[in-house]
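Asker: Here's my sequence, what's the structure:
(chains A and B)
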Amino acid sequence: MSTLDTTTIAPAGTAWTADPVHSDVAFEVEYAGVSMFRGSFRDFDATLEGSALKGSARVASVDVKDEQLAGHLQSPDFFDAERHPEISFRADELTLADGGTVAGSGELTIKGVTRPVELQGRLSAAPSVDPFGRERLGLSLETAIDRNEFGVAWNAPNQSGGNYLGDEVTLKADLTFGRQES
Amino acid sequence: MRILAVSGSLRESSFNTSLLRAALEAAPDGIELELWEGLGELPLYDEDLETDAPDSVRRLREDWAAADAILFSTPEYNGSVPGGLKNAIDWASRPRLEAAALRNKPVAVVGASTGQFGALWAQQDLKRILGLAGARVVGTEIPVARAHERFDSEGRLLDGEVFAQLRLHLTTLASEAVAAADRVAA
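Answerer: Have a look, this model is predicted:
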């Protein structure tokens, strides 16, 4: 059994792993200066232990609504899946505040470049228990990065001015964790 | 290290083909540069032909896929890449992007023109096209302007600075190709 205290995200000493079906790791970037374009990664993992979160996503699993675009995103112009097949993340000390707000610093590695990021998010009010007695908790986090700092700098000029793709990318993880069976 | 050299010009005494011949001489030890000529034999890209791809297309895909890297030299036609070169890239980027000959292939571009900008626009477009085709585009453009003044009547490059640029360009391309090979082996 576990209850959440006010200092740790999940009970210490127990690993929680993300349920990939009920979790989502996504990105969004401004498109053509008028809308947000979204994509996600189908293959990822995340582990939570105490206040430490780590995870990785497979670049080859990038999911967008066009096959050609998915291929381009995996190419050297963007994520370069051949040389950098994974995007990884770790945050050693997330903090939980009143009302379920979560914040903290972490390290994100994209295309072989590791940079610090600041995260904000929310933790579900309390773990829920499914009919099989398995405990679950939810954690949503997001951060904004300048993709150029990670070498993901491809762009195309927009004839209306500026470029087609924004520089700032918001990364969002909506994670459902299950207590790892010991 | 085997690098293919592909000229976007079919003309017998093409400055771009001459530029690639100069690159053959400029290549540092350990780099074997080979002129690839087959652009003119390719049919216009047509997905209907994929069911039984013509020999010329098969040869293109096999040769380009087998090379460690490719150096392209492009003239500039109406401000961009010649149709024949674009057509070859279209064939080499199919049938599936993930399995295409150009996928992750280290490539670099050079270009020559008799004008004062040395096919710069064509080289910029070519880099963009190659990136979209999934290639690993290496290095900057090398615009060889006023090409008629830089080669002798036999097509030999007279400009030592361009020769040095070609050598450096090939070194950069080869180091990318080595890194790519290491990655595949790992």
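Asker: and the residue of chain A nearest chain B?
Answerer: As assessed by CB to the nearest CB, chain B sits closest to residue A:71 within chain A, at 3.6 Å. From N, CA and C alone the C-beta is placed, and that goes for glycine too.
Asker: Local confidence estimate at that residue?
Answerer: Per-residue pLDDT puts residue A:71 at 92.
Asker: Packing partners of the one helix or strand it maps to?
Answerer: Following DSSP states H and E, one finds residue A:71 within helix A:67-74. When contacts are defined as 3 or more CB pairs under 8 Å, 6 or more residues apart in numbering or on different chains; DSSP states H and E, helix A:67-74 packs onto strand A:62-63.
Asker: Average pLDDT for the strand it packs on, rounded please.
Answerer: The model assigns strand A:62-63 a mean pLDDT of 97.
Asker: now chain B, which segments are flagged as low pLDDT?
Answerer: Low-confidence segments of chain B, defined by pLDDT under 70: B:97, B:183-186.
Asker: ok, 90 please
Answerer: Along chain B, the parts satisfying pLDDT under 90 run over B:95-99, B:178-186.
Asker: Contact residues of it facing chain A?
Answerer: Residues of chain B found near chain A (CB under 8 Å from any CB of the partner chain) are B:97-98, B:103-104, B:128, B:131-132, B:134-137, B:179-180, B:183-184.
Asker: Now restrict these to buried residues only.
Answerer: B:97, B:103-104, B:131-132, B:134-137, B:180 (16 or more other CB atoms under 10 Å in any protein chain shown).
Asker: Pull the most distant pair out of the residues you listed.
Answerer: Greatest spatial distance among those (CB to CB): B:132 and B:180, at 18.5 Å.
Asker: what's the most distant pair in the residues of chain B next to chain A?
Answerer: B:128 and B:184 (25.4 Å).
Asker: Need the residue closest to the centroid of chain B.
Answerer: The residue lying closest to the centre of chain B (CA atoms, centre = their mean) is residue B:72, at 1.5 Å.
Asker: so how far is chain A from that one?
Answerer: 16 Å (CB to the nearest CB, to the nearest Å).
Asker: Quick check: residue A:30 touching residue A:38?
Answerer: No - with contact defined as CB atoms under 8 Å, residue A:30 does not count as touching residue A:38 (11.0 Å).
Asker: Out of the two, name the residue with the larger neighbour count.
Answerer: residue A:30 (18 against 15; other CB atoms under 10 Å in any protein chain shown).
Asker: Got the phi and psi for the more buried one?
Answerer: phi -70, psi 140 (degrees, to the nearest 10).
Asker: Now it: closest residue in space that isn't a chain neighbour?
Answerer: residue A:166 (3.3 Å; CB to CB, 6 or more residues apart in numbering or on different chains).
Asker: And residue A:129, by the same measure?
Answerer: residue A:135 (5.6 Å).
Asker: That neighbour: neighbour count?
Answerer: 18.
Asker: give the contact list for it.
Answerer: A:2, A:127-129, A:178-179 (CB atoms under 8 Å, 6 or more residues apart in numbering or on different chains).
Asker: Counting neighbours, which of the residues you listed end up buried?
Answerer: Buried residues within the contacts of residue A:135, defined by neighbour count using 16+ other CB under 10 Å: A:127, A:178-179.
Asker: Could you name the helices and strands sitting against the host helix or strand of residue B:128?
Answerer: Element membership for residue B:128, per DSSP H and E: helix B:120-132. Packing partners of helix B:120-132 (3+ CB pairs under 8 Å, 6+ apart): strand B:69-74, helix B:83-92, strand B:106-112, strand B:136-137.
Asker: ok, 10 Å please
Answerer: Helices and strands touching helix B:120-132, by 3 or more CB pairs under 10 Å, 6 or more residues apart in numbering or on different chains; DSSP states H and E, are helix A:67-74, strand B:69-74, helix B:83-92, strand B:106-112, strand B:136-137, strand B:143-144.
Asker: Save those as a markdown table, and put in distance to residue B:162 too.
Answerer: Shown next, in a markdown table, are the helices and strands packed on helix B:120-132 (distance: least, CB to CB, whole Å):
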| stretch | distance to residue B:162 |
| --- | --- |
| helix A:67-74 | 33 |
| strand B:69-74 | 12 |
| helix B:83-92 | 21 |
| strand B:106-112 | 9 |
| strand B:136-137 | 20 |
| strand B:143-144 | 6 |
